[in-house]
Structures are given as C-alpha cells and as structure tokens.
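K.L.:
the sequence and its predicted three-dimensional model are supplied below.
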Amino acid sequence: MSVRPSGAFSAGVQDMPPEGGFRKIDMSRYLSKAGIDRGPKGWQLWAGTALLISYGYYRIGQYNIEKNQQAMQERKVRYALAPVLQAEADREYMMRENANLAKEAEVMKDVAGWKVGMSPYFSGKWMPRAIAQLDRSTK
C-alpha cells in the first residue's frame, strides 16, 4: 500500500479565473465623491488631543494654586491660635500642679525634711510632671 497519490489525481485541473477576468468591485458606494468623508485628518487629531491635554494641565495647575492658598490660610489660622491654645494649656497645667502640690503637702506633712514640689531625682532640669490627673475634680 503506497501513500503516494495516484497518477490520475496529480494530473488535476487548476482553478482559473473566468474568461475576461472577474468583474470590477464598485467602491464608489464606500467612498464619497470628494474623498473628504473619511473622518478628521491626522494633524487635526493631534491638535485636538494636544489642546485637551493642555487644558487638563491648566486646570490641574489652577487647582494646585487654590489648594496651596487654602493650606496657607489654614496654617496662618493655626499659627494665630497657637499662643491662645498654649496659654490655655499652661493655665490648666498650673491649676493641676497647684492641686497636686496641695495634695502632696497634705500627704507628706508628717515626713521630716520633705520639701513640697521638690523633685526627688535631682536631675538639674525642670520637667513637667509626666502623669497628669485625668479627673476634672481639681477645677
């Protein structure tokens, strides 16, 4: 048994175009008569895209300017309020410190040589108390 094609098969007839050729394809219905209905030109697409991108960058720049101005205004307000808030915190600290000193004087009144408000650590630096009273009963 052979895998080669038989002689009758190899002498086949080749498919050829008809006499006179195929008919012409009518492309006029796909193209306009002037040839301008094919959409925008390449330079028009580039120009439109460049304009849109430029406008977008302009808007981003304007937003950043407004945002920076708003942030500067908020910083100015914080800087203006800082002394007032610090004075209030200092006043509250002094109220608590005086209450703590009064309580310390009462508790340590029987201890000889105890000085009220004196730090037992002798570090030479003033440090505020690390633990503040959390209750508001000292007001």
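P.N.:
Noted; the coordinates are in hand.
K.L.:
neighbours of residue 108, how many?
P.N.:
The local packing count at residue 108 equals 12, with neighbours defined by other Cβ atoms under 10 Å. Yep, even glycine has a C-beta here, placed from its N, CA and C like the rest.
K.L.:
could you do residue 60 as well?
P.N.:
Residues lying near residue 60 (other Cβ under 10 Å) number 10.
K.L.:
can you give me phi and psi for it?
P.N.:
Geometry field for residue 60 lists phi and psi as phi -60, psi -40, criterion degrees, to the nearest 10.
K.L.:
from residue 87, how far out is it?
P.N.:
Here residue 60 is placed at a distance of 42 Å from residue 87 (Cβ to Cβ, to the nearest Å).
K.L.:
what does residue 95 give?
P.N.:
Residue 95 sits at a distance of 13 Å from residue 87 (criterion: Cβ to Cβ).
K.L.:
in stretch 45-59, what counts as buried?
P.N.:
Residues of stretch 45-59 classed as buried by neighbour count (16 or more other Cβ atoms under 10 Å): none.
K.L.:
using CSV, write out every CA atom in it.
P.N.:
Extracted in CSV, the C-alpha atoms of stretch 45-59 (Å, rounded to 0.1, in the frame of the first residue of the first chain):
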residue,chain,number,x,y,z
LEU,A,45,-6.5,64.6,15.8
TRP,A,46,-3.0,65.6,17.1
ALA,A,47,-4.1,69.2,17.5
GLY,A,48,-7.3,68.3,19.3
THR,A,49,-5.5,65.9,21.6
ALA,A,50,-2.8,68.5,22.4
LEU,A,51,-5.5,71.1,23.2
LEU,A,52,-7.3,68.7,25.5
ILE,A,53,-4.2,67.7,27.4
SER,A,54,-3.0,71.3,27.7
TYR,A,55,-6.4,72.3,29.1
GLY,A,56,-6.2,69.5,31.6
TYR,A,57,-2.8,70.5,32.8
TYR,A,58,-4.0,74.1,33.1
ARG,A,59,-6.9,73.0,35.3
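K.L.:
helices along the protein, start to end?
P.N.:
With DSSP state H as the criterion, the chain has helices at 7-10, 42-107.
K.L.:
worst mean pLDDT among these?
P.N.:
Averaged per stretch, pLDDT over the helices of the chain is lowest on helix 7-10, reaching a mean of 59.
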